[in-house]
Every structure is written in C-alpha cells, then in structure tokens.
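Novice: need a 3D model of the following:
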Amino acid sequence: MSSIVQLQGLTKTYGKGSTQVTALAEINLTIQNGQFVALVGPSGSGKSTLLNLIGGIDKPNAGTVRIDGQRIDGLGEQNLLQLRREKIAYVFQDARLLPSLTSIENVMLPAAFHRKLLKGARERARELLGKVGLAGRADHMPHQLSGGEAQRVCIARALFNQPRLILADEPTGNLDHRTRIEIVQLFEELHGEGNAVIMVTHDPELADRAGRKISLHDGEIQSDETRTVH
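Specialist: Predicted coordinates for the structure are as follows:
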C-alpha cells in the first residue's frame, strides 16, 4: 500500500526567545492511502497544528511534508491551492456553509474555483447530497438545516473534487451523540471506498472506530496504535 502522507522531522514553534512554544517536535509519520486515522490528545497537544501542516494551511519551522510523494512545505500559495483542489478536502467543527446559498449550491462551491468541475456540477452535487442522506434537502437554506444536516452538506462539499485525503478537525464537536455516530459512519464509508481520512477528536468512542489511533502529548507522538475494526 502506498503512502498519502509522509512527515519527517516535522517541527513547529510559535513565538521567540523566552516566549517560544513548541507545538510539534520532530514528528515522523507515514499514513497510507485509504487509512482512517484518529488524532487524539489533550487540548494544546498539537493535533490541529499537525492537521494544518498536512493540509498546507501552515508551514513548519523544520522538517518536510509530502502529500502523495510531492513535497509541499516549500510550495507557494498558488501551488498549494492547486494541491488542495485536487487531492485534499477539509471538514471543520462548524460546517462553514455560506448562508445565502442552498445546500446544493454550497456543495457546488468548489466548481467556482476549478473549471474542470463545472460540467455536470449540479448533477454531481445532487448525487453527493443523496450519498450523505440529504437528497430531500437540496434546496434548503443553511438556517433550515439541523447541525447534523449542515455537517453532512459540508462533507458532501468536501467530496465534490474527489479528494484522496480528507482532513476533519473535530467534525462532530458540536453534535449530539446519535448524530456524532452517524457522521463518523460516513467517514467509515469514505474510508471503505479508498479515501484516507485523518480525524482530530476528543471523543474516545469515535477514536476507537478508526483503524489507527495516534495519541499526541506536548507536541510529540505518545502512541500509535493500528488495529482491526469490526
């Protein structure tokens, strides 16, 4: 199995001198195509920082980040944008839907930035809404959706560009227990279809549903457990 993420000596610090804080310290990590990985650890352990470095949203002070074999830590913003459009999708804790657009229009949004996706965009968006169980909500505005429904629209939007890697930062943090399980079941399905999923979570029950659990503490990997999930 080939790797989608390779990190070597990854270090990230904030501040200078006596106020310098080390968010990540010489992280070495490889994530394979199609893996479902949960990043866990206390607040301030470096989970979200690690996710942002993998996604090219932030840059390390030292070390290298490779996505699908391509080194990205030195790329310019335009090249990073292109990479994210083609291979990476983000799902955040809040759905971040545009309030003036319907569900289907929110899902279609990536097509506005990627001409290749324009043809058949509405049909694809409708198909994806069906995939996440929202075929009947295509014309609803965000304020007409529940929190779980809005997060499903966010996931459908993330899938629009057929990413190889899905980065989810506390995607269930604002949801009730039943809806959290439903959202993670969606990630399990995506993983089963061959997508790599990296999910930051504080919820041990959700983390245990991933095939691999990586625990961070004070910017270092404390444990890395791979297991069979039934």
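
Novice: C-alpha from now on. contacts and neighbour counts both.
Specialist: Noted.

Novice: what are the contacting residues of stretch 63-71?
Specialist: Residues from elsewhere that reach stretch 63-71 (Cα atoms under 8 Å, 6 or more residues apart in numbering): 3-11, 26, 53-54, 72-73.

Novice: how long is it end to end?
Specialist: The first and last residues of stretch 63-71 sit 11 Å apart, counting by Cα to Cα, to the nearest Å.

Novice: average pLDDT for that stretch, rounded please.
Specialist: Average pLDDT, stretch 63-71: 94.

Novice: quick check: buried residues in that stretch?
Specialist: Of the residues in stretch 63-71, those scored as buried under the neighbour-count criterion (16 or more other Cα atoms under 10 Å) are Gly63, Thr64, Val65, Arg66, Ile67, Asp68.

Novice: before we move on, what about stretch 36-48?
Specialist: Buried residues in stretch 36-48, counting neighbours by 16+ other Cα under 10 Å, are found at Phe36, Val37, Ala38, Leu39, Val40, Gly41, Ser45, Gly46, Lys47, Ser48.

Novice: give me the local confidence score for the residue nearest to the spatial centre of the chain.
Specialist: Using Cα atoms, centre = their mean, the residue of the chain that lies closest to the mean C-alpha position is Leu167, 1.2 Å off. According to the model's per-residue confidence, Leu167 sits at a pLDDT of 95.

Novice: quick one on the thing from earlier: out of the buried residues of stretch 63-71, who's nearest Gly147?
Specialist: Comparing the buried residues of stretch 63-71 against Gly147 with Cα to Cα places Ile67 closest, at 31.4 Å.

Novice: next one: phi and psi at the closest one?
Specialist: The phi and psi values for Ile67, taken as degrees, to the nearest 10, are phi -120, psi 120.

Novice: gap between it and Tyr90?
Specialist: Distance, Ile67 to Tyr90, by Cα to Cα: 15 Å.

Novice: now swap in Leu145 and tell me
Specialist: With Cα to Cα as the criterion, Leu145 and Tyr90 are 20 Å apart.

Novice: what about these two, which has more around it?
Specialist: The residue with more neighbours, out of Leu145 and Tyr90 and counting by other Cα atoms under 10 Å, is Tyr90; that gives 21 against 15.

Novice: the strand or helix carrying the residue nearest to the centre of the chain: partners in the sheet, and parallel or antiparallel?
Specialist: With secondary structure defined by DSSP states H and E, Leu167 is part of strand 165-169. Strand 165-169 has the following sheet partners, assigned by DSSP bridges: strand 88-91 (parallel), strand 196-200 (parallel).

Novice: now the first one - C-alpha only, PDB.
Specialist: Going back to what we said before, that points to strand 88-91. Output for strand 88-91, consisting of C-alpha atoms alone and laid out as PDB, is shown next (Å, rounded to 0.1, in the frame of the first residue of the first chain):
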ATOM      1  CA  ILE A  88      -7.200  17.400  -0.100                       C
ATOM      2  CA  ALA A  89     -10.600  18.200   1.500                       C
ATOM      3  CA  TYR A  90     -11.300  19.800   4.900                       C
ATOM      4  CA  VAL A  91     -14.200  19.200   7.200                       C
END
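
Novice: tabulate the buried residues of stretch 63-71 (TSV), appending distance to Glu188 and secondary structure.
Specialist: Compiled in TSV, those are given as follows (distance: Cα to Cα, whole Å; DSSP: H, G, I helix; E, B strand; the rest coil):
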residue	distance to Glu188	secondary structure
Gly63	31	strand
Thr64	29	strand
Val65	25	strand
Arg66	24	strand
Ile67	21	strand
Asp68	21	coil
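
Novice: one step back: for the strand holding Leu167, give me every contacting residue.
Specialist: Under the criterion Cα under 8 Å, 6+ apart, residues 4, 48, 51, 55, 87-93, 158, 195-201 lie in contact with strand 165-169.
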